[in-house]
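Q: Using only what follows, build the 3D model:
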Amino acid sequence: MTYTLGVVMDPIAGIKPYKDTTLALMLAAQARGFALRYFELPDLWLRDGVAWGRARPVKVFDDKQHWFELGAAEDLELGRLDAILMRKDPPFDLEYVTASYILERAEAAGALVVNKPASLRDCNEKVFISWFAGLCAPTLISRDPARLKAFHAEQGDVIYKPLDGMGGAGIFRVREDALNLGSVIESLSQNGRQTIMAQRYLPAIVEGDTRVLMVDGEPVPYGLARVPQGTETRGNLAAGGKGEPRPLTTAQRRIAAVVGPELKRRGLLFVGLDVIGDCLTEINVTSPTCAREIDAAYGTDIGGLLMTAIETRLKNRPAA
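A: Purely as a prediction, here's the structure:
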């Protein structure tokens with residue numbers, strides 16, 4: 001049986017095909033026989049409670065120069081798609097939230113949306129670790145400058161970051177000397193008007209911030225350690241970190257075993273856990289990356305694993 005898969009993403013012409021996880025997922029789906037339909041956020045709308053999209057057939061290629069071909073656009077009821085991948089990158093702003101409402105109407109009409117729209121809204125990538133506090137370093141989520149400063153006085157060496165960023169943007173380390181503490185808190189919290197995160201600095205970051213990919217609640221056996229370079233604190237690849245594929249450690253497997261069942265319960269089929277040392281630091285649910293680097297190093301087929309999970313759900317869905 002041929003399934004139709006919609007993919008909501010940033011403009012495909014602007015991706016880096018050699019490292020883009022969304023392209024890897026699309027290649028895996030195409031190899032399984034899925035018919036692909038391409039959408040950007042402005043292509044989605046609601047009319048009288050029905051989710052619609054401006055769909056374009058797309059073929060994808062594992063080619064750095066020519067990685068996609070688009071067909072003619074047509075208006076399509078999103079509920080007619082068998083499945084939809086929501087792969088739009090943050091920021092998690094009102095436009096993203098609105099798209100999740102549209103996709104939730106598509107879900108109600110019968111489409112399987114990955115990840116589940118309500119869970120995308122509920123599971124902020126920074127805040128969601130609070131459901132697993134026993135796996136995390138000391139963490140404060142607040143917008144109160146006095147409380148954020150007191151956390152530094154208590155912990156001594158602290159990472160401050162916004163709740164809606166990605167790729168290491170807006171992350172600051174304030175060491176024991178508290179240099180620029182006030183300025184960092186004022187800037188990130190917009191003088192107490194915006195909630196931010198503070199976490200105790202983890203020295204194990206020098207060994208890497210490891211992305212552990214979870215497919216249907218189970219970890220891929222290998223992760224990608226993003227190792228900071230030079231004097232940089234951040235390991236994010238977008239911030240200049242060096243990616244080193246590695247087998248999962250015992251601590252990483254333990255964290256995955258605890259978090260996995262809750263991800264599955266919430267309909268979060270494709271998730272990236274960020275682990276430093278033996279501490280969970282973030283749970284990425286919007287558009288997890290690093291699949292291509294892991295696949296290249298170990299011959300895994302992470303996109304294929306996700307397509308298997310999707311196919312299983314489609315085969316087991318109730319008859320209309």
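
Q: What about residue 73, how many residues nearby?
A: Residue 73: 15 surrounding residues under other C-beta atoms under 10 Å. (C-beta placed from N, C-alpha, C; glycine too.)

Q: excluding its backbone neighbours, what's nearest it?
A: residue 56 (4.8 Å; C-beta to C-beta, 6 or more residues apart in numbering).

Q: Surely that neighbour is in contact with residue 68?
A: No - if you go by C-beta atoms under 8 Å, residue 56 and residue 68 don't touch, sitting 10.0 Å apart.

Q: For the residue nearest to residue 73, I want the exact helix or strand it lies within.
A: strand 50-60 (DSSP states H and E).

Q: What pairs with the helix or strand following that strand, parallel or antiparallel?
A: The C-terminal neighbour of strand 50-60 among helices and strands, as given by DSSP H and E, is strand 68-70. When sheet partners are counted by DSSP bridges, strand 68-70 sits next to strand 50-60 (antiparallel).

Q: in the strand it pairs with, what counts as buried?
A: Across strand 50-60, burial judged by 16 or more other C-beta atoms under 10 Å covers 51-56, 58, 60.

Q: which residues in this protein form helices?
A: All helices of the chain, identified by DSSP state H, fall at 21-31, 94-108, 117-122, 145-155, 181-189, 250-265, 291-298, 302-316.

Q: looking at the ones you listed, which is buried most?
A: Neighbour counts (mean count of other C-beta atoms under 10 Å) averaged over each of those peak at helix 21-31, with a mean of 22.

Q: contact partners of that one?
A: Around helix 21-31, the neighbours that count as contacts under C-beta atoms under 8 Å, 6 or more residues apart in numbering are 5, 7, 9, 12, 15, 17, 36, 58-62, 67-68, 85, 87, 270, 287-292, 295, 301-304, 306-307.

Q: for that helix, what is the average pLDDT?
A: The average pLDDT for helix 21-31 rounds to 98.

Q: swap in stretch 186-203?
A: 96.

Q: Equivalent analysis for stretch 135-152, please.
A: 98.
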